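the amino acid sequence is not available; the structure is as follows:
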């Protein structure tokens, strides 16, 4: 699930606020089935670790390009969740000096300048300003169709669409540079809805690393596009179930 998730307590602090206590216990009681909760970017990283590009790798940062910019962290060959599950809130790194308020209540978050939603907003704004582009008929009311048009235009070489993706990738790269300085990962994997644009993300992100990283720290870090596509989340959820098979057996006994 998206949001601020305490995996130890089974609480999503962003959504389902009307559910008292643990959403995990609530669903178990309602359905009579074992339930586990995990951040969506973390399960995407788990999918990469078990079935994707991160197999047999030790330290990998998995960047989820979606409505925000999520992060799943693989450290020493295992999914890293932090003390209570909040590790990887990459979207809320304060990187910019703008006054745009993020959903978290703070200003300057990466999410306010780089996300699929921001790309759609800037595309619509650019068209109103008279940017030369093949794009037309864009609307936030049908954002999935809008993004599909933007990605298609970028893939086919539309200058404005390419600029939108490049600007977003460069800003994401500023955040990735911080991760490289702190974690020294061997691999950065881009995943999520946005990666339908494929290699268009690579060059501007690498440009940001060239500008913001100490070269020696980044020289062995590769940038990869996920091979799992938009199935990474579902595959990661399946991997989460497999990883918790012992707990599942205990929960089944408890429910019975």
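Thanks, I have it. For clarity, every value in this text was computed on a predicted model and none was experimentally measured.

make it CA atoms for all contacts and neighbour counts henceforth
Will do.

which of the residues in the longest helix along the chain are buried?
Assignment by DSSP state H gives helix 159-183 as the longest helix of the chain. For helix 159-183, a neighbour-count test (16 or more other CA atoms under 10 Å) marks 160-162, 164-177, 179-180 as buried.

tell me what it is packed against?
helix 116-128, helix 143-155, helix 202-212, helix 215-218 (3 or more CA pairs under 8 Å, 6 or more residues apart in numbering; DSSP states H and E).

please render those helices as CSV that adds mean pLDDT to the earlier fields.
CSV is the format used below for those (pLDDT from 0 to 100):
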stretch, mean pLDDT
helix 116-128, 95
helix 143-155, 95
helix 202-212, 95
helix 215-218, 92
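
and the angle for the next helix-or-strand element following the longest helix of the chain with helix 202-212?
Counting by DSSP states H and E, the element after helix 159-183 in chain order, helix or strand, is strand 187-191. Calculated by axes from the mean of the first three to the mean of the last three CA atoms, to 10 degrees, strand 187-191 forms an angle of 140 degrees with helix 202-212.

secondary structure class for the spatially most central residue of the chain?
Centrality entry for the chain: nearest residue to the mean C-alpha point is residue 64, 2.1 Å, by CA atoms, centre = their mean. At residue 64, secondary structure determined by DSSP: H, G, I helix; E, B strand; the rest coil is strand.

quick one: residues contacting it.
Taking CA atoms under 8 Å, 6 or more residues apart in numbering, we find residue 64 in contact with 41, 44, 70-72, 190-193.

so where's the protein uncertain?
1-21, 246-256 (pLDDT under 70).

pretty sure residue 73 contacts residue 81?
Yes: Residue 73 lies in contact with residue 81 (CA atoms under 8 Å); the separation is 7.5 Å.

those two: which is more packed in?
A count of neighbours by other CA atoms under 10 Å puts residue 73 above the other of residue 73 and residue 81, at 28 against 19.

the more buried one: which element?
Residue 73 belongs to strand 69-75, assigned by DSSP H and E.

which strands or helices does that strand pack on?
helix 40-51, strand 60-65, strand 78-80.

what angle sits between it and strand 187-191?
140 degrees.

residues contacting strand 69-75, please?
By CA under 8 Å, 6+ apart, strand 69-75 touches 41-46, 49, 58-64, 79-81, 87-91, 110-111, 114-115, 172.
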